[in-house]
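K.L.:
compute the structure for the input listed below.
(one chain, ligands or ions: 1)
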Amino acid sequence: MTAQILDGKATAAAIKSELTERVTALKAQGVTPGLGTILVGDDPGSRWYVNGKHRDCAEVGIASIQRELPATATQEEIEAVVRELNDDPACTGYIVQLPLPKGIDTNRVLELMDPAKDADGLHPMSLGRLVLNQTGPLPCTPNGIVELLRRHGVEINGAHVVVVGRGITVGRSIGLLLTRRSENATVTLCHTGTRDLPAQLRQADIIVAAAGVPHLVKPEDVKPGAAVLDVGVSRDENGKIVGDVHPGVREVAGWLSPNPGGVGPMTRALLVQNVVEAAERAAAAAR
Ligand SMILES: Nc1nc2c(c(=O)[nH]1)N[C@@H](CN(C=O)c1ccc(C(=O)N[C@@H](CCC(=O)O)C(=O)O)cc1)CN2
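P.N.:
Residues are numbered from 1 along each chain as shown. Purely as a prediction, here's the structure:
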């Protein structure tokens, strides 16, 4: 068996084209959505991601507000920029690019954001709303994964999903999305404390590998026909991306998200969706 490819690039392009129409409708009502980003430090990967977010926004007609601080910025300096974007009416949604430099209290920074402008779905209020099954911005990577599966017709209802990795942007919250009544999956969250990871993986109809460990998921650990989503990003000695999924998995899995070109572009497209939805909510509240 050779896996069908879960093409994140093409799917993200389709989502962005749908969002362009919603941005046009907002502008007709006198509302121009604006994405703000706060980038702290000089990590080239983070800079690339932030630039990509602004490129995506420009594509669909969303304005950009970019704030940059040096790696030496203090907690107070970062919080001052958060307050500035909270108060800026041109900024209808924003993100703080993660990770923040060592020594910065990330939770304090996220808590200070206006939850109505949370474009990442990572504010404690947004995560709380997700737990309570209330509407609000959803974390972009988990939402991108669900959308990628849905748009490729992969059955989520009743599926056993094994997630590897308990990080804030993916592993912690994806179970909350997948176990909603509308998705109806059963989720096992594995991490470095999991005793027998291969035994867990072999049970999975869907694997979400978000551990950041190169080639952690091996062909012999995958049930034939399973859907495998590769979220991990490590780099080899030439700077090339190495995912969490061994290339041999392609011969066993039924579906496979490439890396790059799978979940990454979906993360960006669902961020654009969050920005549009925040602007739509603000426009409705102002009516
Ligand atoms: N505030 C946030 N910080 C971080 C998030 C997040 O969702 N919000 N997620 C990641 C980084 N990230 C977005 O910020 C992100 C990662 C990867 C991609 C992407 O499109 N990757 C490309 C490959 C890029 C390359 O060659 O390096 C792909 O997969 O095709 C987009 C966004 C951590 N921080």
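K.L.:
right, and residue 92 touches residue 277 too?
P.N.:
No. Applying Cβ atoms under 8 Å, one finds residue 92 not in contact with residue 277, separated by 10.0 Å. To be clear about C-beta, it is placed using only N, CA and C from the backbone, and glycine gets the same treatment.
K.L.:
more neighbours: the two, which one.
P.N.:
Taking neighbours as other Cβ atoms under 10 Å, residue 92 and residue 277 compare with residue 92 leading, 27 against 19.
K.L.:
leaving out sequence neighbours, find the closest residue to that one.
P.N.:
residue 279 (4.3 Å; Cβ to Cβ, 6 or more residues apart in numbering).
K.L.:
distance check, residue 111 against residue 124.
P.N.:
6 Å (Cβ to Cβ, to the nearest Å).
K.L.:
for residue 252, same thing?
P.N.:
Counting by Cβ to Cβ, the gap from residue 252 to residue 124 is 39 Å.
K.L.:
neighbour-wise, which of these two wins?
P.N.:
Comparing residue 252 with residue 124 by other Cβ under 10 Å, the one with more neighbours is residue 252, at 21 against 13.
K.L.:
show the average pLDDT along the helix or strand residue 172 falls within.
P.N.:
Assigned by DSSP states H and E, residue 172 falls within helix 171-178. In this model, helix 171-178 carries a mean pLDDT of 96.
K.L.:
residues near the residue nearest to residue 92, how many?
P.N.:
When neighbours are counted by other Cβ under 10 Å, residue 279 registers 25.
K.L.:
does residue 32 touch residue 65 like I think?
P.N.:
No. Using Cβ under 8 Å, residue 32 is not in contact with residue 65, being 11.4 Å away.
K.L.:
of those two, who's got more company?
P.N.:
Using other Cβ under 10 Å as the criterion, residue 32 and residue 65 rank with residue 65 on top: 18 against 14.
K.L.:
what about the nearest residue to the more buried one once chain neighbours are set aside, how many neighbours?
P.N.:
The shortest distance from residue 65 to any non-neighbouring residue, by Cβ to Cβ, 6+ apart, is to residue 36 (4.1 Å). Neighbours of residue 36 under the rule other Cβ under 10 Å: 25.
K.L.:
residue 126 too?
P.N.:
Residue 126: 23 surrounding residues under other Cβ under 10 Å.
K.L.:
surely it and residue 116 touch.
P.N.:
No. Counting by Cβ under 8 Å, residue 126 stays clear of residue 116, with 10.0 Å between them.
K.L.:
and the residue nearest to residue 65, how far from the ligand?
P.N.:
Distance of residue 36 to the ligand, given as Cβ to the nearest ligand atom, to the nearest Å: 12 Å.
K.L.:
now the helices for the stretch 1-150 of the chain?
P.N.:
Under the criterion DSSP state H, counting those that start in this stretch, helices of the stretch 1-150 of the chain are mapped to 8-28, 44-60, 75-87, 106-112, 124-131, 140-151.
K.L.:
ranking the ones you listed by burial, who's on top?
P.N.:
Comparing the helices of the stretch 1-150 of the chain by mean neighbour count (mean count of other Cβ atoms under 10 Å), helix 140-151 comes out on top with a mean of 24.
K.L.:
and the closest residue to residue 223 other than its chain neighbours, what does it touch?
P.N.:
Of all residues not flanking residue 223 in the chain, residue 202 sits nearest, at 5.9 Å (Cβ to Cβ, 6+ apart). By Cβ atoms under 8 Å, 6 or more residues apart in numbering, the residues touching residue 202 are 221, 222, 223.
K.L.:
swap in 10 Å and give it another go.
P.N.:
With contact taken as Cβ atoms under 10 Å, 6 or more residues apart in numbering, residue 202 is in contact with 162, 196, 220, 221, 222, 223, 226.
K.L.:
could you do residue 165 as well?
P.N.:
With Cβ under 10 Å, 6+ apart, residue 165 has these contacts: 171-172, 174, 189-192, 208-213, 216, 231-232, 244.
K.L.:
residue 225 now?
P.N.:
1, 3, 205, 252, 253, 254, 255.
K.L.:
in stretch 171-180, which residues are buried?
P.N.:
171, 172, 173, 174, 175, 176, 177, 178 (16 or more other Cβ atoms under 10 Å).
K.L.:
just give me the closest of those to the ligand.
P.N.:
Closest approach to the ligand among the buried residues of stretch 171-180 (Cβ to the nearest ligand atom): residue 173, at 10.7 Å.
K.L.:
what's the closest non-adjacent residue to the closest one?
P.N.:
Nearest to residue 173 is residue 139, by Cβ to Cβ, 6+ apart, at 4.7 Å.
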